[in-house]
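Visitor: fold the following and give me the result.
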Amino acid sequence: MNGNSINATEMNYPSTIYRLIIFMVLMGSIAQVNAQSDLHINNVFTHFEKNKNAVMVSLSNEVLDDYKFSLFKSINIKDDASAADYVREQIALDEKGAKKIKQVISNGKVTSIYLDLTPKKGMNRLILFNEQVKPERQLILIYIESEHSTDDVLKILLKKK
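Guide: Numbering: from 1, shown residues only. Predicted structure coming up:
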């Protein structure tokens, strides 16, 4: 072989690095998408995300940096009483081991609950649920992951402008 030859390993080196970078980016995206996958409320998001009466919002890092949230996911569902019952069932399953910050019960049903979940991967996790019947039936379910304490997250969300 002459001094100008390049062996196969050297030739594929940049290609291997690019593949590794792409793989790492994809794995990071999958981890972000599945951040709440260990929770039962994830079933709510996947079940109702394409429902005509639902509006889902999912925000991650870039948009949320100012708040130090790593994930914000919400769904608002209108005119669907069975959806509220389904959401309550899923929240009840996630409630085990969580700290109740606030809970409102009306006519024997949870109409509002704030849950502080066990932290995961250094992130504090919070579930917020609220259902109203008047003037129109609607519910909202919010899931947040943040570096902030749950109290600080609630202060950010509930501060009046």
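Visitor: and residue 66, that one's in a helix?
Guide: Yes - counting by DSSP: H, G, I helix; E, B strand; the rest coil, residue 66 is located in a helix.
Visitor: okay, now it: neighbour count?
Guide: 7 (other CB atoms under 10 Å). Every C-beta, even on glycine, is put in place using the N, C-alpha and C of the backbone.
Visitor: likewise residue 67?
Guide: Residue 67: 17 neighbours (other CB under 10 Å).
Visitor: surely it is in contact with residue 146?
Guide: Yes - if you go by CB atoms under 8 Å, residue 67 and residue 146 touch, sitting 7.2 Å apart.
Visitor: where exactly do the helices run in the protein?
Guide: Applying DSSP state H to the chain gives helices spanning 8-33, 41-48, 61-64, 81-94, 150-158.
Visitor: weakest of those helices by average pLDDT?
Guide: For the helices of the chain, the weakest mean pLDDT is recorded on helix 8-33, namely a mean of 46.
Visitor: need phi/psi at residue 133.
Guide: phi -110, psi -30 (degrees, to the nearest 10).
Visitor: that one and residue 52: what is the separation?
Guide: Distance of residue 133 to residue 52, computed by CB to CB, to the nearest Å: 20 Å.
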